[in-house]
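Asker: How does the following fold in three dimensions:
(2 chains)
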Amino acid sequence: MSTPTTSSSSSAKPGQWNDQRIEIIIGALLRTGVLLAAALVLAGGALYLNRHGHDVPNYHVFHGESGALKSAGAIVTGARTLRGQAIIQLGLLVLIATPVARVAFSAIAFAIERDYMYVVITLIVLGILLYSLIGQ
Amino acid sequence: MNVLEFTGLVALGSLLAGFLGSLTGLGGGVVVVPMLALLFHVDIRYAIGASLVSVIATSSGAAAAYVREGYSNIRIGMFLETATTIGAVVGAVIALHVSGSAIAIVFGLVLLYSAFVSSRARHEHGPELEGSPLARRLRLNGTYPTNEGSQPYGVTGVPMGYGMAMGAGILSGLLGIGGGAIKVLAMDQGMKIPFKVATTTSNFMIGVTAAASAGLYLARGYIAPGITMPVMLGVLVGSMLGARVLARVHVRSLRYLFAIVVVALGIEMIFNGATGRL
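Answerer: Residues are numbered from 1 along each chain as shown, chains lettered A, B, ... in the order given. You can find the predicted model right below:
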């Protein structure tokens, strides 16, 4: 892979970790997460439409989703029994996890690049993110 | 209208949402919420849940390309995310004590003013390629692809940009939408970086802010699979199309598009605030 010199003041030598390499890996990570999520939603959606395609949608009144579609544990259980709606929600969980995984990977990448200031910055973001995901 | 037709139409509208959202760095919520609420008479809570899904999908769908091509500045993104995520937590706490309606109206007016400010063209490459000392210390300066090849840029106004990003986070936590617009303005007006870098870096960041509140929305039952499916798939395709187009879009056109979408968002916020829907 030919890598033209890129961003910031990094003076990395060829073969070393630099920003460009981090960018390529983050790009691949995001793409993988998104495609996996889309595949799950597509599969779940096909099952759901096959069963409910001719129903009348009713979202005028908010009744909240049932417990089976609200927590990660219940969604995984439902997806295992091939419930279309649970598989869609599983795809959604993968989608939500993608940016979180991106932040976590960035921390590792900055550490390999020995950019400790950005390791700290990234860990702060990851900490707040996990706090608000789990704290709720 | 049956579920099949609903799915098809929502997917089509979401495609547009993803396309506009990925180009402007605002996420798809600007289009998704009014489409679902006004056109399909979906309850606002389901619409907000779907908006959150569309923001994460737009962000990740387009960011894969933007990051790889070198548009998004991952250091600026990560640095400002400390401000937006802290802001979002603070905003969620404030939301328990103040009325969202009044804030929505004020914020809507701020957006209308911002649209005016950001539509005024500015030189894309400032003379300060060096950036400010603080920007150098934080290694925020970067390069981005243009028609004339890779172009370096310097970053200034870091405290201003950081403060605005904090404000964007508070608004996200408070109202659930609109943070993307302030993030773009923080980088464009505050830090004086090229407009395409501002929109793509905002696009890169909004997914993280949205993911932080996704757990809450899921637990409250706001996220309906029958809506999530067409929104997510439509937005993903739209955002990938947007990412392909960005390189060929003139900055001036992009600024106008951004201003138009921000005006729409401002009107939406004022409308929501005035009718007590937030």
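
Asker: Where does the prediction get shaky in the stretch 51-200 of chain B?
Answerer: Counting by pLDDT under 70, the stretch 51-200 of chain B shows low-confidence ranges at B:121-128, B:176-178.

Asker: For chain A, which element, helix or strand, carries the lowest mean pLDDT?
Answerer: helix A:72-80 (a mean of 86; mean pLDDT, DSSP states H and E).

Asker: export that one as PDB, just CAs?
Answerer: Taking Å, rounded to 0.1, in the frame of the first residue of the first chain, the C-alpha atoms of helix A:72-80 are listed here in PDB:
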ATOM      1  CA  ALA A  72     -29.800  -6.400  25.000                       C
ATOM      2  CA  GLY A  73     -30.300  -9.800  26.800                       C
ATOM      3  CA  ALA A  74     -33.900 -10.100  25.700                       C
ATOM      4  CA  ILE A  75     -33.100  -9.100  22.100                       C
ATOM      5  CA  VAL A  76     -30.400 -11.700  21.800                       C
ATOM      6  CA  THR A  77     -32.800 -14.400  23.200                       C
ATOM      7  CA  GLY A  78     -35.400 -13.300  20.700                       C
ATOM      8  CA  ALA A  79     -32.900 -13.300  17.800                       C
ATOM      9  CA  ARG A  80     -31.900 -16.900  18.600                       C
END
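
Asker: Would you confirm that B:G173 contacts B:I86?
Answerer: No - using Cβ atoms under 8 Å as the test, B:G173 is too far from B:I86 to be in contact (9.6 Å). (Glycine included, C-beta is placed from N, CA and C.)

Asker: Run a quick neighbour tally on B:G49.
Answerer: For B:G49, the count of nearby residues is 28 (other Cβ atoms under 10 Å in any protein chain shown).

Asker: elements contacting the helix or strand encompassing it?
Answerer: Per DSSP states H and E: B:G49 is located in helix B:44-69. The contact analysis (3 or more Cβ pairs under 8 Å, 6 or more residues apart in numbering or on different chains; DSSP states H and E) places helix B:44-69 against helix A:19-52, helix A:84-112, helix B:3-24, helix B:29-34, helix B:195-219, helix B:225-245.

Asker: what bits of chain A have low per-residue confidence?
Answerer: Ranges of chain A meeting pLDDT under 70: A:1-17, A:135-136.

Asker: Spatially central residue for chain A, please.
Answerer: Chain A has A:T98 as the residue nearest its centroid, 1.3 Å off, counting by Cα atoms, centre = their mean.

Asker: Are we agreed that B:P152 is in a strand?
Answerer: Yes - applying DSSP: H, G, I helix; E, B strand; the rest coil, one finds B:P152 inside a strand.

Asker: rewinding a little: and the helix holding B:G49 with helix B:195-219, angle?
Answerer: 140 degrees (axes from the mean of the first three to the mean of the last three Cα atoms, to 10 degrees).

Asker: got the angle for helix B:44-69 vs helix A:84-112?
Answerer: Using the same axes, to 10 degrees: helix B:44-69 against helix A:84-112 is 40 degrees.

Asker: Dihedrals phi and psi, B:P145?
Answerer: phi -80, psi 140 (degrees, to the nearest 10).

Asker: Hmm, it is touching B:A247, no?
Answerer: Yes - using Cβ under 8 Å, B:P145 is in contact with B:A247, at 6.9 Å.

Asker: Can you spell out which helices and strands pack onto the helix or strand hosting B:S118?
Answerer: In the assignment (DSSP H and E), B:S118 maps to helix B:100-119. Packed against helix B:100-119 by the contact rule (3+ Cβ pairs under 8 Å, 6+ apart) you find helix B:158-175, helix B:179-185, helix B:251-274.

Asker: what angle sits between the first one and helix B:251-274?
Answerer: In terms of direction (the same axes, to 10 degrees), helix B:158-175 departs from helix B:251-274 by 40 degrees.

Asker: picking up where we left off before, export the helices and strands packed on helix B:100-119 to a markdown table and tack on distance to chain A and mean neighbour count?
Answerer: Below are the helices and strands packed on helix B:100-119 laid out as a markdown table (distance: least, Cβ to the nearest Cβ, whole Å; neighbours: other Cβ atoms under 10 Å in any protein chain shown):
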| stretch | distance to chain A | mean neighbour count |
| --- | --- | --- |
| helix B:158-175 | 9 | 23 |
| helix B:179-185 | 14 | 30 |
| helix B:251-274 | 16 | 19 |
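
Asker: Next, format these as JSON lines and append distance to B:S101.
Answerer: Shown next, in JSON lines, are these (distance: least, Cβ to Cβ, whole Å):
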{"stretch": "helix B:158-175", "distance to B:S101": "10"}
{"stretch": "helix B:179-185", "distance to B:S101": "18"}
{"stretch": "helix B:251-274", "distance to B:S101": "5"}
